[in-house]
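Asker: no FASTA, just this:
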């Protein structure tokens, strides 16, 4: 082998290795971890549920279905994805399961360990909850527990609002069938949002945010979220909702501290707008009801 | 003897070339993964389109989407390779084609039987070509759809001689098998500008059709003239480009396809190259039915070389029949075709499409005397899983 080829090979291995190292999340023991908790609110009148007449397979899906994209109770927003970016090592991924809105029974299952290992269990014409997360370069298992086929169509969003979408996958899932699909970082590039739909049932729509570590949470029906065991450090915190948009803030976490971070979205006229106002305060300060808006 | 060996070697070479090209097409298809060929190379265009869509509050979708579930998601049934399939999707098609030709023409001028019989001992009076086509399409991945088509051909030609004797020759059998790929190039869609999809057609015609068909004539059992043969005898390349669009209940398409003959066949001749352009529009009246109107332009060249076993003159040295002349095979024609596509309810998760199309020529210019086309009819059933 000539020297030139050797050098090229070594350079290639260094490049590939470097790229892999730069992207890999490492599971380690977290000492003096911090906690962030908070709530996500929405002010204004949320858009009403979309109503769909079911044309295909009403015997399984039902004659009518609705899709609630912005789910709000007492101004508390469900389904906002809260992410801490820039954490390169820390706790393992946690086992979690989120179910879609009735009458759908689909679930997003996340495994415990070094990988997110998302499993989408499609049931009753529903992939799962309206929002979720996925990790790049890791196979996502799409299961179909219905007795009818669904046509999975996934897109990567080229912007956070999902107004420019590029197809990633497009294929049928047979009745009671399953397959794996990977959302490669070469396809995702800088994009953070993935949309999944069913070409046969237009009410089946879900949005996934691309995460690279287990430090994420999805606000519950009370708008609450909590992220624990965060290694002290300086990170970017984001709150994202597919209709309402993205908010972000730098956060600096000290050891053994608990912080409250609240996100507020609001809606102006018919177009969804995001608030630029973000409150971020220590739990102690929150107790004293002292607002410490950083904006 | 040497000539025979040369012909056999040429046949082997053509068959090997066909298989090689087929294999490369399929192997090449397998290595293309993931996305439409031009995906990711249209940055500035996408940016501009994206901004426009955003300004209208719309969503721009880019990529290799395809939804079969409308009657006009497939082009008119007479068109070939008009649509692609999603990964893992399989389509079986049975298509019947009937073409009827009656009367002769030279250039754009009609010729009577006596006009032809002035120069030839025999004239063809009418011809019916029927084709049963069995085709398969399979979405190999998100980029490539593999295609295969096996035709069964039946031909019948009526003749009359100078002495008033009428006779009919017939031939039937499998025609040239076609293997190919449809390669998605690019697609984009917004609600206000509709969907726009582009794909590349690449196919190879293999010389499986008989080119030595014989039949009973007043001269005895002889090799039938060129139009009665069932295949080209050559490996043919069929490159093409297809565009299809749609907006609400209207859809349209444009397709250009060529047929390029590689060398001569083992009987010493080659059919002329062909070029075909189709433009169509369709309207969906309901979720299950659409109508189409298509214009098809076809240009085909005269043959090169000749088959020494096809008689050109009768025993008295009089030119026998125009169909035995390789320089009277070319022409150009514009057809107008009306079609109907019906989407049936699914049966056992299988999607069923029925298509009918009938067309007549509105312009014909033939290197004649040559039989002129009167009508073409297609009916096809497509099953998708």
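Answerer: Right, received. Where do you want to start? Keep in mind that what you see is a predicted model, and the values were worked out from it rather than measured.
Asker: Kindly report the residues of chain A close to chain B.
Answerer: A:55-56, A:148-149, A:151, A:153, A:155, A:158-159, A:162-172, A:175, A:184, A:187, A:199-200, A:271 (Cβ under 8 Å from any Cβ of the partner chain). Quick note: C-beta positions are derived from backbone N, CA and C, even for glycine.
Asker: Now, these that are in helices?
Answerer: residue A:187 (DSSP state H).
Asker: Buried ones among the residues of chain A next to chain B?
Answerer: A:56, A:148-149, A:151, A:153, A:155, A:158-159, A:162-172, A:187, A:199-200 (16 or more other Cβ atoms under 10 Å in any protein chain shown).
Asker: and residue B:142, how far is that from chain A?
Answerer: According to Cβ to the nearest Cβ, to the nearest Å, residue B:142 and chain A sit 6 Å apart.
Asker: Also residue B:120?
Answerer: On the measure of Cβ to the nearest Cβ, residue B:120 and chain A end up 57 Å apart.
Asker: Pick out the residue in the stretch 101-250 of chain A sitting closest to chain B.
Answerer: In the stretch 101-250 of chain A, the residue that lies nearest chain B is residue A:167 (2.6 Å; Cβ to the nearest Cβ).
Asker: right, and that residue touches residue A:154 too?
Answerer: Yes. The pair residue A:167 / residue A:154 is scored as a contact, 7.4 Å apart, by Cβ atoms under 8 Å.
Asker: got the residue ranges for the helices in the stretch 101-250 of chain B?
Answerer: Here the stretch 101-250 of chain B has its helices, by DSSP state H, counting those that start in this stretch, at B:113-119.
Asker: what about the chain, any weak spots by pLDDT?
Answerer: Answering for chain A, as no chain was given. The model of chain A has pLDDT under 70 over residues A:1-23, A:160-162, A:268-295.
Asker: You answered for a different chain; I wanted chain B.
Answerer: If you take pLDDT under 70 as the line, chain B has these spans: B:1-42, B:64-68.
Asker: For chain A, what's its nearest residue on it.
Answerer: Nearest to chain A in chain B, going by Cβ to the nearest Cβ, is residue B:63, at a distance of 2.6 Å.
Asker: How much space separates the nearest residue to that residue once chain neighbours are set aside from residue A:138?
Answerer: What sits nearest to residue B:63 in space, not counting adjacent residues and going by Cβ to Cβ, 6 or more residues apart in numbering or on different chains, is residue A:167, at 2.6 Å. Relative to residue A:138, residue A:167 is positioned 20 Å away (Cβ to Cβ, to the nearest Å).
Asker: residue boundaries of the helices in chain A?
Answerer: Using DSSP H, helices in chain A cover A:3-23, A:58-61, A:185-188, A:283-287.
Asker: Show me what from the stretch 101-250 of chain B comes close to chain A.
Answerer: So the stretch 101-250 of chain B meets chain A at B:139, B:142, B:187 (Cβ under 8 Å from any Cβ).
Asker: Which one of those residues is nearest to residue B:332?
Answerer: residue B:187 (32.2 Å; Cβ to Cβ).
Asker: Show me where the stretch 1-150 of chain A has its strands.
Answerer: Per DSSP state E, counting those that start in this stretch, the stretch 1-150 of chain A carries strands over the ranges A:26-27, A:34-43, A:50-53, A:64-67, A:71-73, A:76-78, A:81-85, A:89-90, A:96-99, A:107-110, A:119-122, A:131-134, A:139-144, A:150-157.
Asker: follow-up on the earlier one: possible to save the residues of the stretch 101-250 of chain B next to chain A as CSV with neighbour count?
Answerer: Formatted as CSV, these follow (neighbours: other Cβ atoms under 10 Å in any protein chain shown):
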residue, neighbour count
B:139, 24
B:142, 26
B:187, 23
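Asker: Relative to residue B:346, which of those residues is nearest.
Answerer: residue B:139 (18.0 Å).
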